[in-house]
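Undergrad: predicted model and sequence follow; I will ask about them next.
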Amino acid sequence: MPSIFTKIINGEIPCYKIAEDDHFFAFLDINPNVKGHTLCIPKKEIDKITDLDEETYLGLMGFSRKIAKAMEAAIDCKRVGITVIGLEVPHAHVHLIPLDQMKDATFQHKVSLKAQEFEAIAAQIRSKL
Ligand code: AMP
């Protein structure tokens, strides 16, 4: 059965899309640590990031860096943190999180956003790509 992220790539589940190319896809995390929290995924469905082939792994990191730079340009934050967890969704993904303080990176504090706020922040990030 396809992962929830494969369903997002295929347009079967909605998302707040940031960008995609032939191999990778970026969209906002639906339960963000902070506004702008973004996920980058390979279109190839592999559970653990350490199981990606070298080319896909390096491609994912390059794609993630491009998105992180757009986030840094779009969002007022000290920096964008890059984290891999993977305990919830078995489809490799990189978390990009705008950080001002350590608690922003802990996944213990979440913010609740309205649809319009998700749409607005996604548009801001896209405008810096
Ligand atoms: P983890 O696998 O522990 O790295 O966490 C998976 C992340 O995916 C969590 O931060 C979730 O909020 C996020 N997530 C799960 N389902 C969706 C979805 N449908 N759209 C966007 N983000 C999601």
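TA: Cool, got the structure.

Undergrad: ranges for the helices of the chain?
TA: Remark: helices assigned in the chain by DSSP state H are 4-9, 54-74, 115-127.

Undergrad: among those helices, which is nearest Thr38?
TA: Nearest of these to Thr38, taken as Cβ to Cβ: helix 54-74 at 6.1 Å. All C-beta spots, glycine's among them, are computed from the backbone N, C-alpha and C.

Undergrad: in the closest one, what counts as buried?
TA: Buried residues in helix 54-74, counted by 16 or more other Cβ atoms under 10 Å: 56-57, 59-60, 63-64, 66-68, 70-72, 74.

Undergrad: now stretch 85-93
TA: By neighbour count with 16+ other Cβ under 10 Å, stretch 85-93 contains the buried residues 86, 91-93.

Undergrad: residues touching the spatially most central residue of the chain, list them.
TA: The residue lying closest to the centre of the chain (Cα atoms, centre = their mean) is Leu39, at 1.2 Å. Counting by Cβ atoms under 8 Å, 6 or more residues apart in numbering, Leu39 touches 5, 26-29, 93-96.

Undergrad: tell me which of the residues you listed fall in strands.
TA: Taking DSSP state E, the ones among the contacts of Leu39 that sit in strands are 26-28, 94-96.

Undergrad: now stretch 14-26, how far from the centre of its chain.
TA: On the basis of Cα atoms, centre = their mean, to the nearest Å, stretch 14-26 sits 9 Å off its chain's mean C-alpha point.
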